[in-house]
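Q: sharing a model that was predicted from the sequence below.
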Amino acid sequence: MKVLIADNFEESGIAGLTAAGCEVLYKPDLVDERLVNAIRDSGVDVLVVRSTNVTEPMLDMGRLSLVVRAGAGVNTIDVAAASRRGIYVSNCPGKNAIAVAELAFGLILSLDRRIPDNVTDLRAGRWNKKEYSQARGLYGRTLGLIGFGSIGQEMARRARGFGMPVLVWSRRFLDRGAAALQDVSQDIRDIEVTVVNTPEEVAERSDVLSVHLALTGETRNFVGAAILGRMKPGAFFINTARGEVVDYVALAEAVKTRTLRVGLDVYAAEPSGATGEFSAPILALPNVYGTHHIGASTDQAQEAIAAETVEIIRAYKETGTVPNVVNLSKQTRASHMLVVRHRDKPGVLAHVFNHLRSGNLNVQETENIIFEGGQAAIARINLDSEPPAALLQAIEKGNEDILNLHLVKIQA
């Protein structure tokens with residue numbers, strides 16, 4: 001199996017893929033048309049990326065069958081185009097959660113103690129202890145989280161160490177409310193986490209509001225004026241998730257009118273490469289600190305992501321299954337299951353499928369299970385519509401190795 005890595009990637013991951021029997025092409029600087037050409041010319045089976053955009057023309061090239069995002073989320077990949085072509089898309093959820101939470105708390109501490117401004121003045125030869133001695137501290141202040149996946153939960157763990165009570169709103173709680181906390185680990189349940197009904201309520205009650213939402217069609221610009229306008233004057237706002245989940249125009253207005261202090265690691269329009277020119281008007285406002293989308297960029301996180309990427313590709317190579325796949329349908333259009341008991345001989349299933357094709361019946365899912373001893377098997381074939389009785393009779397009577405078949409209606 002041939003693997004193209006089109007972003008910076010750990011040496012341990014390259015070694016792991018090589019040990020798994022993969023031919024690895026490491027070309028971390030490929031983007032846009034050069035990446036399209038590389039996929040076409042190299043005939044790779046698997047593409048590994050981090051921040052590089054994977055577009056439809058790339059997916060049209062060669063024999064590509066799997067794209068792995070070496071990180072959380074898949075917003076840089078055209079997942080719909082991959083699905084139309086039967087290309088798996090996978091990622092490495094949770095492996096960078098600790099790193100992102102650490103940076104988020106670094107931004108919180110920086111805002112409270114104005115650490116970047118301290119550094120700037122000292123480098124300029126200015127001593128101003130009177131000014132920088134003014135800080136509220138974090139103990140007892142409320143941390144509000146919008147989103148409570150793996151990163152949100154790591155935020156809650158760290159908040160406990162700082163003595164900060166935690167308020168949470170998450171889509172995972174919409175149906176079950178606080179009862180959904182039973183799905184998280186025991187140490188999270190032991191933390192003082194309060195689930196509230198709306199993101200506006202989190203904003204209103206928090207001293208520090210931190211966003212941890214995945215980017216989807218539903219979450220784009222999710223945090224806007226309706227939420228930001230409910231924040232306390234002088235509260236802190238942190239975004240280490242995706243730039244596109246926050247309306248930065250509304251955030252800039254809230255900085256001006258509600259004197260918010262803001263820490264950002266992500267932006268709606270970032271350079272496509274690791275370096276380049278960049279301008280974000282909100283960073284020019286007072287009390288707004290920014291970092292360079294480095295939340296996941298610790299050695300620990302990158303090693304964990306590299307190891308997970310290796311396991312994904314190893315599993316695909318050795319078993320044909322893809323861990324963490326994000327673009328397989330959770331529901332099929334199957335209405336009926338055809339159950340076929342048969343002798344385990346060549347041509348039996350081909351006979352069944354040929355008749356199904358002649359009846360214009362589409363197979364949604366199928367499995368063939370062998371009985372002990374290897375003499376017989378049972379095939380379960382999910383169909384998109386009900387086959388006529390005459391077709392079933394032709395299948396059963398047309399091959400002496402079919403022992404029995406029956407039809408099951410799939411309950412909606």
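A: Cool, got the structure. All values derive from a computational prediction rather than experimental measurement.

Q: so where is this structure shaky, pLDDT-wise?
A: Applying pLDDT under 70 to the chain flags the ranges 176-183, 189, 412.

Q: quick one, domains of it?
A: 2-95+300-319, 97-295, 336-409 (automatic domain parsing).

Q: can you redo the ones you listed as JSON lines with distance to residue 327 and mean neighbour count?
A: All C-beta atoms are positioned from the backbone trio N, CA, C, and that covers glycine. Conversion of those to JSON lines gives the following (distance: least, CB to CB, whole Å; neighbours: other CB atoms under 10 Å):
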{"stretch": "domain 2-95+300-319", "distance to residue 327": "5", "mean neighbour count": "19"}
{"stretch": "domain 97-295", "distance to residue 327": "13", "mean neighbour count": "18"}
{"stretch": "domain 336-409", "distance to residue 327": "16", "mean neighbour count": "14"}
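
Q: CSV for the ones you listed, including distance to residue 329?
A: Shown next, in CSV, are those (distance: least, CB to CB, whole Å):
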stretch, distance to residue 329
domain 2-95+300-319, 8
domain 97-295, 17
domain 336-409, 9
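
Q: tell me the centre residue of the chain?
A: residue 73 (2.5 Å; CA atoms, centre = their mean).

Q: wasn't that one part of a strand?
A: No - checked against DSSP: H, G, I helix; E, B strand; the rest coil, residue 73 lies outside a strand; its state is coil.

Q: which residue, neighbours along the chain excluded, lies closest to it?
A: Sequence neighbours aside, residue 214 is the residue nearest to residue 73 in space, at 5.6 Å (criterion: CB to CB, 6 or more residues apart in numbering).

Q: I'd guessed that neighbour sits against residue 149; true?
A: Yes - contact criterion CB atoms under 8 Å: residue 214 and residue 149 qualify, at 7.3 Å.

Q: about what we covered before: quick one: the residue nearest to residue 73 from residue 205, how far?
A: As judged by CB to CB, to the nearest Å, residue 214 and residue 205 stand 24 Å apart.

Q: then residue 98?
A: Separation of residue 98 from residue 205 (CB to CB): 26 Å.

Q: how about the CA coordinates for stretch 241-257, as CSV?
A: C-alpha atoms of stretch 241-257 as CSV (Å, rounded to 0.1, in the frame of the first residue of the first chain):
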residue,chain,number,x,y,z
ALA,A,241,-11.7,25.4,18.2
ARG,A,242,-12.3,26.7,14.6
GLY,A,243,-12.4,30.3,13.5
GLU,A,244,-15.5,29.8,11.5
VAL,A,245,-17.7,28.9,14.6
VAL,A,246,-17.4,32.4,15.9
ASP,A,247,-18.7,35.6,14.2
TYR,A,248,-15.6,37.7,14.6
VAL,A,249,-17.4,40.9,13.5
ALA,A,250,-19.8,40.4,16.4
LEU,A,251,-16.9,39.5,18.7
ALA,A,252,-15.0,42.7,17.8
GLU,A,253,-18.1,44.7,18.6
ALA,A,254,-18.4,42.9,22.0
VAL,A,255,-14.8,43.8,22.7
LYS,A,256,-15.6,47.4,22.2
THR,A,257,-18.9,47.6,24.0
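
Q: what about residue 319, distance to residue 370?
A: If you measure residue 319 against residue 370 using CB to CB, the figure is 17 Å.

Q: coming back round to it: quick check on the residue nearest to residue 73: phi, psi?
A: Phi and psi for residue 214, reported as degrees, to the nearest 10, are phi -70, psi 150.

Q: now the strands: where do they sit in the stretch 1-150 of the chain?
A: 2-5, 23-26, 46-49, 66-69, 88-91, 143-146 (DSSP state E, counting those that start in this stretch).

Q: show me what residue 382 is bridged to.
A: Assessed by DSSP bridges, residue 382 has beta-bridge partners residue 337, residue 365.
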